[in-house]
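*Asks:* need a 3D model of the sequence below.
(one chain, ligands or ions: 1)
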Amino acid sequence: MMSLADFYNGKRVFVTGHTGFKGSWLCSWLKLMGSEVCGYALEPNTDPSLFRILELETRVKSVIADIRDHEKLDAVISEFDPEIVFHLAAQPLVRRSYKEPKLTFETNVLGTVNLLEAARSLESIRSFVNITTDKCYENREWVWGYRETDAMGGHDPYSSSKGCSELVTSCYRASFFQNTDIALASARSGNVIGGGDWAEDRLIPDIVRSLVTDKELIIRNPKAVRPWQHVLEPLSGYLLLGRFLYEKGQQYAEPWNLGPHEIDSLCVEDVLRKFIEIWGKGSYKIESEGNPPETTLLRLDVSKALQKLGWRPQMTSEEAIGRTIEWYKQFYADQEAAKSLLEKQIREYEEKLGEAGA
Ligand SMILES: NC(=O)c1ccc[n+]([C@@H]2O[C@H](COP(=O)([O-])OP(=O)(O)OC[C@H]3O[C@@H](n4cnc5c(N)ncnc54)[C@H](O)[C@@H]3O)[C@@H](O)[C@H]2O)c1
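*Replies:* Numbering: from 1, shown residues only. Just a heads-up that it's a prediction; the model follows:
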């Protein structure tokens, strides 16, 4: 079977949210495979920023603009005329969504509407993948993994906005894309880890900040179970899905869960302990009071992606944490070398995919 790299070589790919953590990894991978990439997002909002470290502004066509500005978005996407769209731009932080619910809904829901509207008028697009999250499900606090057919929901504004983005996606698919060449899917993945994330209020960036400043880490919700994965795992699912939509069309135009094997659904404290053990130092304190409520039990059923996409996780949680630590340690020792390490990690992951026949 043709490899992902063979498929993406020469394809015109539009990525929203390319200045963020996942977007920077995705653009790096696409560039390694030989795609022509146009990114659309706001300026990076962390310092350090993976986008800046990788100098992606010189390697992709990078447009710094707001997804809420539909006129600008229309103009940029129609000029680039993409074949494949990955929509990652979002306000992705739960805590910030409590402080700025309106901004979160405008970005995550109307931003998706703006992009889908822009896509409607373009004949070049074959695949459109909307990246949402495991948090889009109505949370039942049950032990089973959510299936793609379960109800959308979300108590906090972030989760709810992603549930809404899913509903918008399914509406556009049924109302506007069914008899067209645009195959529209969504991908729901869990919490990702990997080198180069410095977002606020996220476990791994918080651990890294505490380790490099020698400060004790304070954690909330230590027993919250999440589907943690290395960032390359869901990205391989997005890429696979983009390809299936392109080659096989509407039969793949549906929602897809992408998450770890059941055994690798760890709680926050497990991840933290493993991280400290592999890094070789660190300490933490639990302070749960005064924090906004968050879901404590969240698992994904990934049977559909396993069966129909042939996608499967390639790393154990230990390996994922190991690779993450390897990258951050390299970054704090030698920033230039961290750039090539990221590419090496992508190449090694491609080899794993090749060995697995994906
Ligand atoms: N990181 C995770 O654990 C995780 C898990 C599940 C799903 N996701 C989803 O993956 C996507 C990427 O997440 P990330 O972790 O890379 O987040 P990030 O904060 O690092 O990146 C977000 C990106 O969206 C862009 N963006 C935000 N508001 C925008 C606006 N108004 N106009 C244009 N661009 C805007 C930012 O500039 C940035 O490029 C998001 O849709 C997020 O919901 C992330």
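*Asks:* contacting residues around the worst-scoring helix or strand of the chain on mean pLDDT?
*Replies:* When the helices and strands of the chain are compared on mean pLDDT, DSSP states H and E, strand 225-226 comes out lowest with a mean of 82. Around strand 225-226, the neighbours that count as contacts under Cβ atoms under 8 Å, 6 or more residues apart in numbering are 134, 190-191, 265-268, 296-299. For the C-beta atoms, the positions are set from N, CA and C on the backbone; glycine is no exception.
*Asks:* can you give me the strands for the stretch 101-250 of the chain?
*Replies:* 127-131, 183-189, 192-193, 217-219, 225-226, 229-230 (DSSP state E, counting those that start in this stretch).
*Asks:* any idea which helix is longest in the protein?
*Replies:* Taking residue count as the measure and DSSP state H as the definition, the longest helix of the chain comes out as helix 335-355.
*Asks:* what packs against that one?
*Replies:* helix 4-8, helix 21-33, helix 50-53, helix 232-248, helix 317-333 (3 or more Cβ pairs under 8 Å, 6 or more residues apart in numbering; DSSP states H and E).
*Asks:* ok, and what's touching the last one?
*Replies:* What it means is helix 317-333. Residues external to helix 317-333 that are found in contact with it (Cβ under 8 Å, 6+ apart): 48, 53, 193-196, 204, 208, 212, 228-230, 233, 260, 264, 266, 271, 274-275, 278-279, 315, 337-338, 341-342, 345.
*Asks:* what's the burial count for Ser288?
*Replies:* Each residue near Ser288 was counted by other Cβ atoms under 10 Å, and the total is 11.
*Asks:* rewinding a little: let's have the strands of the stretch 101-250 of the chain in a markdown table, adding mean neighbour count.
*Replies:* Listed next are these as a markdown table, based on neighbours: other Cβ atoms under 10 Å:
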| stretch | mean neighbour count |
| --- | --- |
| strand 127-131 | 26 |
| strand 183-189 | 25 |
| strand 192-193 | 24 |
| strand 217-219 | 17 |
| strand 225-226 | 21 |
| strand 229-230 | 28 |
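*Asks:* as a markdown table, these with distance to the ligand would be great.
*Replies:* As requested, the strands of the stretch 101-250 of the chain are exported to a markdown table (distance: least, Cβ to the nearest ligand atom, whole Å):
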| stretch | distance to the ligand |
| --- | --- |
| strand 127-131 | 5 |
| strand 183-189 | 5 |
| strand 192-193 | 4 |
| strand 217-219 | 16 |
| strand 225-226 | 9 |
| strand 229-230 | 9 |
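*Asks:* mean pLDDT lowest where, among those?
*Replies:* Averaged per stretch, pLDDT over these is lowest on strand 225-226, reaching a mean of 82.
*Asks:* my guess is Gly39 contacts Ser24. True?
*Replies:* No - between Gly39 and Ser24 no contact is recorded; they are 9.2 Å apart, counting by Cβ atoms under 8 Å.
*Asks:* those two: which has the busier surroundings?
*Replies:* When Gly39 and Ser24 are compared for neighbours, Gly39 comes out ahead with 31 against 28, by other Cβ under 10 Å.
*Asks:* look up phi and psi at that one.
*Replies:* Torsion angles at Gly39 (phi, psi; degrees, to the nearest 10) stand at phi -110, psi 150.
*Asks:* now Gly196. Nearest residue, chain neighbours left out?
*Replies:* Leu50 (3.4 Å; Cβ to Cβ, 6 or more residues apart in numbering).
*Asks:* what about the longest helix of the chain, average pLDDT?
*Replies:* 95.
*Asks:* next one: stretch 285-301
*Replies:* Predicted confidence along stretch 285-301 averages 74 (mean pLDDT).
*Asks:* can you pull the residues of the stretch 51-200 of the chain lying near the ligand?
*Replies:* Within reach of the ligand by Cβ under 6 Å from any ligand atom, the stretch 51-200 of the chain has these residues: 66-68, 88-92, 107, 131, 133, 189, 191-192, 199.
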